[in-house]
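In: Pasting the sequence and the predicted coordinates here, then a few questions.
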Amino acid sequence: MCIGIANPPSLGGIVESISMLPEKSCAFVAFIDPLAAQACVKELTVSRTGYPFKGKTIKVGFSNADKQLRPDIAEEVTKGATRAVDIPIDTTTWTEAYIHTYMGRFGDIENVRIVNDKNCAFVHYTNIQAAIGAVHTLPTEAQFINKRVSYGKDRCAALTPVSGQIRTNPFSDTNYTIAGLGRWDPQMLQTPGKRVLYIGGLPKGATTEDLCNVIRGGILFSIAMVPQKSCAFATFVDPVSAETFLEYVTIYGAICKGRRLKVGWANEFAFTPEIVNKLCIPKVCRSLYINNISDQITEEQLRGDFSAYGEVEQITILHDKHTAFVNFAAILNAISAISGLNDHPSYRDSKIQFGKDRCSNMPRIQPGQLPAERDIDDKRDHSHRNNNMADGDHHGRTKHDHNAKGDQRNNKSPFTGSGVNAITPSSAEQSKFFPLNRYSIADILNSSMDPL
């Protein structure tokens, strides 16, 4: 997939080719993975005012070219091919100028980096085809016989191919199937592990609900906001869930109220035996489902009754189904609420039980869609199952993931946070040239990406 310009490391995109058109002051970058191109465009157009580049403002968007990867190149990519080549050299005689001359016979070179202490050099071509030619030809030449010539890491990619595969969807891993089921190994729960994530860069006024609309991948034990530090700590029950979400954010990013979040590991954490016993309760999570509620019940009344047991993150009422969903910020609060409210006068005719933590849902990953678009579809699909649940389908308990209020406000996406719409270029935008002035390919790829 081609876009007008690309950058960089944090986006996890392996570049297939980059072409400069100086006469039209533009460039085209083709990624191996369409999702990487989409994530790049989304990232660089967050501000909607253009992307700063060497003192100028450039525009980035999709071209109208639906470029297909050649079968022979695709096969090499599965074997680890990138546009970067790692060659062994004698750093006392090989200069950057000589490398440009010697290696330039395979194709245009974008960047050369010599590593003196390791007696090697990394040559970045403007396209993978040139790098493939170099890797296949050099080992047959006298000065490289019995020496290792291999593909290097594309500096535009955050992740390199693993075991011959490019992983664009961390949620496709089979380990994800154990996340969010509420059936955990007690030994795993008591073992210290990386299950707590630090989430920084929160926008002013962000709420616990805003953040839970972003988090996906596993059941949360708790979410703790630290507004004075503009950060929060999300503790997952299962370390696999925390790792999966972090990997997803590394590839696609996470946006909350128009601001990119910074996500990383906090300290390791293990549960006490007392908490482990509570986490082994069937279907335990921080979300509660209340059926057979009165037509007169209000969100204020529910918040008043349930907040006595801890911070309430979100409340959704379906009056036509006589049901409600109450999400706490912590699982222990939800457990206490079930014990304390089942005999409450307002809920004697209702059944309060565990629902489904919407944070345990995984964002849908489909070729040709941005993360925001996938999650809007995810919400629509869940709304259908939620209605079934209100009619008695216990296993479809996901109404709070639908977030009726959120759907009515700007088509909010749960994964991109409150008020952020999917960025989908129109056909007119796709056909534009994007002014770059007359800079080199190295200038483009060296530009820093921090538009916020």
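Out: All right, it came through fine. Being a predicted model, the structure only gives us computed values, none of them experimental.

In: In a helix, Tyr102, correct?
Out: Yes. Tyr102 sits within a helix when classified using DSSP: H, G, I helix; E, B strand; the rest coil.

In: Share the number of residues neighbouring it, please.
Out: 15 (other CB atoms under 10 Å). Placement of C-beta: from N, CA and C, glycine included.

In: ditto for the one 10 residues further on
Out: Here the neighbour count serves as a burial measure; for Val112 (other CB under 10 Å) it reads 19.

In: do the one 10 residues further on as well
Out: Using other CB under 10 Å, Phe122 has 17 other residues around it.

In: Likewise for the one 10 residues further on?
Out: When counting by other CB under 10 Å, one arrives at 24 neighbours for Ile132.

In: Ok, the one 4 residues further on next?
Out: By the measure other CB under 10 Å, the count of residues near His136 is 12.

In: packing partners for whichever helix or strand it is part of?
Out: Element membership for His136, per DSSP states H and E: helix 128-137. Contacts defined by 3 or more CB pairs under 8 Å, 6 or more residues apart in numbering; DSSP states H and E place helix 128-137 against strand 15-21, helix 71-78, strand 84-88, strand 120-125, strand 150-151.

In: and the direction of the third one versus that of strand 120-125, what angle?
Out: If I follow you right, that is strand 84-88. On the basis of axes from the mean of the first three to the mean of the last three CA atoms, to 10 degrees, strand 84-88 is oriented at 150 degrees to strand 120-125.

In: Residues contacting strand 84-88, please?
Out: Contact with strand 84-88 is made by 103, 119-125, 131, 134-135, 138, 144, 147-155, as judged by CB atoms under 8 Å, 6 or more residues apart in numbering.

In: please redo it, this time with the cut-off set to 7 Å
Out: Residues from elsewhere that reach strand 84-88, judged by CB atoms under 7 Å, 6 or more residues apart in numbering: 119-124, 131, 134-135, 138, 147-154.

In: Which of the residues you listed are buried? Put it as a PyMOL command.
Out: For the buried members of those, the matching PyMOL selection, counting by 16 or more other CB atoms under 10 Å, is:
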select buried, resi 120+121+122+123+124+131+134+135+138+149+151+152+153+154
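
In: count of neighbours near Pro282?
Out: Neighbours around Pro282, by other CB under 10 Å: 8.

In: can you confirm it is in a helix?
Out: No. Counting by three-state DSSP, Pro282 is not part of a helix but coil.

In: Just the strands from the stretch 251-400 of the chain, written as ranges.
Out: 255-256, 259-260, 262-265, 287-290, 312-318, 323-328, 352-354 (DSSP state E, counting those that start in this stretch).

In: Just to check, Met225 is in contact with Cys231?
Out: No. Counting by CB atoms under 7 Å, Met225 stays clear of Cys231, with 8.1 Å between them.

In: From what I see, Ile109 and Tyr102 are in contact.
Out: No. Ile109 lies out of contact with Tyr102 (CB under 7 Å); the separation is 10.2 Å.

In: Turn the helices and strands packed on helix 128-137 into a markdown table, columns for mean pLDDT and distance to Gln301.
Out: Listed next are the helices and strands packed on helix 128-137 as a markdown table, based on pLDDT from 0 to 100; distance: least, CB to CB, whole Å:
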| stretch | mean pLDDT | distance to Gln301 |
| --- | --- | --- |
| strand 15-21 | 88 | 56 |
| helix 71-78 | 88 | 58 |
| strand 84-88 | 94 | 61 |
| strand 120-125 | 94 | 62 |
| strand 150-151 | 94 | 63 |
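
In: Cheers, nothing more for now.
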